[in-house]
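Student: sequence below, structure please.
(4 chains)
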Number of protein chains: 2
Amino acid sequence: MADAKVTSLDVARLAGVSQSAVSRVFTPGASASKATVEKVRKAAAELGYRPNPLARAMITGKSRIIGLVLTYLENQFYPLALELLSNALQDKGYHVLIFMAPDIHSDIDKVVRELMDYQVDGIITASVGMSNDLTNRCAAAGIPVVMFNRGQDGTGHSSVTAANVEGGRKAAEFLVAGGYTRIAHIAGWSGSSTGRDRRRGFAETLEKNGLAPLATVDGMYKRDIAAEAVRGLMARPERPDAIFVGNDYMAFSVMDTLRAEFGLTIPDDIAIVGYDDVPLAAWAAYDLTTVRQPVNRMVEATIETLLSKIDDPSRPAQKIEIDGPLVLRGTARIPEGWTR
Amino acid sequence: MADAKVTSLDVARLAGVSQSAVSRVFTPGASASKATVEKVRKAAAELGYRPNPLARAMITGKSRIIGLVLTYLENQFYPLALELLSNALQDKGYHVLIFMAPDIHSDIDKVVRELMDYQVDGIITASVGMSNDLTNRCAAAGIPVVMFNRGQDGTGHSSVTAANVEGGRKAAEFLVAGGYTRIAHIAGWSGSSTGRDRRRGFAETLEKNGLAPLATVDGMYKRDIAAEAVRGLMARPERPDAIFVGNDYMAFSVMDTLRAEFGLTIPDDIAIVGYDDVPLAAWAAYDLTTVRQPVNRMVEATIETLLSKIDDPSRPAQKIEIDGPLVLRGTARIPEGWTR
DNA sequence: CTTTCCCTTGCATACGAATGCAATCAGTCT
DNA sequence: AGACTGATTGCATTCGTATGCAAGGGAAAG
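Tutor: Numbers count the residues shown, from 1 in each chain, chains lettered A, B, ... in the order given. Coordinates of the predicted model:
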């Protein structure tokens, strides 16, 4: 039967104990007798008391808030990650303060500074880079940072990504085994480790098989740029017979363009392989063959890394890579002997 | 050149003024002489001082945090809304604490209680209902609530929705004008005002034109249930020649099922009209004719309503409906005289 | 030159909870 | 019974900032 603003002092008075006692009952690990606990719990329930996390944060320095920096929510991968991250953190008793980075390329320093103001216990950045200056500030303030789906060398931060080089390799091997020979690549933004790694794994593996990419274009993770890249590829004297696209989001644009503007049938006229395996990739309209980024395992690893670093700040930064399978669907011929 | 934890007291000492003076310089509306402001600003810059919002919240009772309760992020409409809401609130100096409601049907009381603990200045719920008890608590605590894309009678909360009855009407008139006669409806969840209103506007308008829905099925806003509904419709002796679907997200599933399982061509064999106009609706693979929910105007209205209620708690709750056009694309025949 | 008024400023306190310290209490061992 | 041990408890202080109050200062008005 609560009214507004019940404080620990109110509870203390009703329970006939000191404010400290109330605090100790609600502080895990503090000592309180069974009798006290009971009295306090009863009084608290009666008044509808709940500890004020802000006041708590002031004194402990721990807000139990995690800052999450995002961009680019139109790519289905991120809403999904957000959902899983948020749920997992809620389960662990943390809360999530969200910031949208204005642009995938822009710096997020302003945003992170605001996060630090709120004394967040940790920061997760999804697909965004941080300046070195800021990196140092976070370190100085003792705020652990985990980069999700983006690595960055030289910073002391942990990162969790898919095994992108390996993923690029898988895509290449698959297309080679499928007998494709004029294979183009519309790559993820070359300013991102993710884009570079996939591209490298892909190119190296083609080479190992005596092939070279027919062309490699930076798609910047954007729909319109990817579509433009397709037009460029199709204008060449030798058209590609397969395209490996740096992520699913661009792959959908590529497929739309090939079908609507060039009247091509996939996979008969041209094969497409994507990267991510977002839910949309499984929908019949696309049925996209793609390398899976195992979001749930990436989320688990992210949270585990972050929380353990919060518990024990002396832990070294980790770079975790998580392997994912190539998911065989309908946008590329399946080689002899490969099972779907 | 900051180190960790610079307080207003540090700044005060360096500037040779009192802590109060520093506070006043950073509090809009407080009085401070030009000389003081300058000294303090300089010292603050030198130390890298930034006011601690948590401490500030303790004393003012205003955290400048808005709680946002979400579900169902796989429907592209919500990530989009989230992005816009978050950006707009950031611009106004607010921050966003995110909560995922476990399920669209489940109650969100626990979640909202946690929000209240954090002394959020206001709450936005997207497509989720609240218990009456909770409603009262928010009122008692003086926390304004705006429901986004969901109305609820009897609560004292404001709500912002599309003009759903009107939207249902538009869909119906369009299909009637297009000469369709066997029109089915796969509706949004009947437990939501949004779903009910669209359905009502649709049914009433058909009736006004001497028609009745061939069938009406509750799609529950779920892909698999919508797909199942399609199978049910196609098993009837008289197959529909058009389907109005309660939102785009389900409409995509309906189209996938019609094409992949029944080999139908859209719009030649059957017409589809959706609701929302999410970005995906404009992609070539679907090219969906749909009633637009003007997200940006809905977001603007939501924020305006919420912030003005925060400024002046005596404002009455508002129920805002925002009209949106029918967007003509390629999933239904366009009637004579209608322009695309 | 005095009076009045407004603008600044510092002092002291408050917000709500956590915690070091010392005192108290119960329980155990001899 | 007395001494010793360990668990509880209350007191007082702390976190960082905002703000009521009263005092000080300067300018304008008389």
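Student: now do the end-to-end distance for stretch A:65-81.
Tutor: Stretch A:65-81 has an end-to-end distance of 18 Å (criterion: C-alpha to C-alpha, to the nearest Å).
Student: off-centre distance for it?
Tutor: Computed by C-alpha atoms, centre = their mean, to the nearest Å, the chain-centroid distance of stretch A:65-81 equals 7 Å.
Student: what is the mean pLDDT for it?
Tutor: Mean pLDDT, computed over stretch A:65-81, is 94.
Student: do that stretch and chain B meet at all?
Tutor: Yes. Applying C-beta under 8 Å from any C-beta of the partner chain, one finds stretch A:65-81 touching chain B at A:65, A:68, A:73-74, A:76, A:78-80. Every residue, glycine included, has its C-beta placed from N, CA and C.
Student: do the same with stretch A:144-159
Tutor: No. Applying C-beta under 8 Å from any C-beta, one finds stretch A:144-159 out of contact with chain B, separated by at least 14.1 Å.
Student: contacting residues around A:Ile320?
Tutor: Going by C-beta atoms under 8 Å, 6 or more residues apart in numbering or on different chains, A:Ile320 touches A:158-161, A:301, A:305.
Student: how near is it to chain B?
Tutor: As defined by C-beta to the nearest C-beta, to the nearest Å, A:Ile320 lies at a distance of 24 Å from chain B.
Student: I'd guess that residue is in a strand, am I close?
Tutor: Yes. A:Ile320 forms part of a strand when assessed by DSSP: H, G, I helix; E, B strand; the rest coil.
Student: got the contact list for stretch A:220-229?
Tutor: A:72, A:75, A:104, A:186, A:188-189, A:192, A:195, A:217-219, A:245-247, A:249-254, A:256-257.
Student: so for the helix or strand of chain A with the lowest mean pLDDT, what gets flagged as buried?
Tutor: Here the helix or strand of chain A ranked lowest by mean pLDDT, DSSP states H and E is helix A:132-141, holding a mean of 80. By 16 or more other C-beta atoms under 10 Å in any protein chain shown, the buried positions in helix A:132-141 come out as A:134-135, A:137-139.
Student: what's the first helix or strand after it?
Tutor: Sequence-wise, the next helix or strand downstream of helix A:132-141 (DSSP states H and E) is strand A:145-148.
Student: what pairs with that next one, parallel or antiparallel?
Tutor: In the sheet, strand A:145-148 lines up against strand A:122-126 (parallel), strand A:158-162 (parallel) (DSSP bridges).
Student: output the ones you listed in a markdown table; the columns should cover mean pLDDT and distance to DNA strand C.
Tutor: What follows is those, written out as a markdown table (pLDDT from 0 to 100; distance: least, C-beta to the nearest atom of the strand, whole Å):
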| stretch | mean pLDDT | distance to DNA strand C |
| --- | --- | --- |
| strand A:122-126 | 93 | 18 |
| strand A:158-162 | 95 | 26 |
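Student: of the ones you listed, which approaches B:Gly168 most closely?
Tutor: Among the strands paired with strand A:145-148, the nearest to B:Gly168 by C-beta to C-beta is strand A:122-126 (37.4 Å).
Student: now the closest one - C-alpha only, PDB.
Tutor: The C-alpha trace of strand A:122-126 is given here as PDB (Å, rounded to 0.1, in the frame of the first residue of the first chain):
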ATOM      1  CA  GLY A 122      30.300  -0.900 -18.300                       C
ATOM      2  CA  ILE A 123      29.800   0.000 -21.900                       C
ATOM      3  CA  ILE A 124      28.900  -2.100 -24.900                       C
ATOM      4  CA  THR A 125      29.400  -0.600 -28.300                       C
ATOM      5  CA  ALA A 126      27.800  -2.300 -31.300                       C
END
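Student: quick one: buried residues of it?
Tutor: A:122-126.
Student: and the helices in chain A?
Tutor: For chain A, the helices defined by DSSP state H occupy A:8-15, A:19-26, A:34-47, A:53-60, A:77-91, A:109-117, A:132-141, A:164-177, A:193-208, A:223-234, A:248-262, A:295-311.
Student: so how far is DNA strand D from the closest residue to A:Met250 other than its chain neighbours?
Tutor: Excluding the flanking residues, the one nearest A:Met250 by C-beta to C-beta, 6 or more residues apart in numbering or on different chains is A:Ala226, at 3.9 Å. A:Ala226 sits 46 Å away from DNA strand D when distances are taken as C-beta to the nearest atom of the strand, to the nearest Å.
Student: before we move on, the earlier item: ok, which of the strands paired with strand A:145-148 comes nearest DNA strand D?
Tutor: strand A:122-126 (18.8 Å; C-beta to the nearest atom of the strand).
Student: perfect, that will be all.
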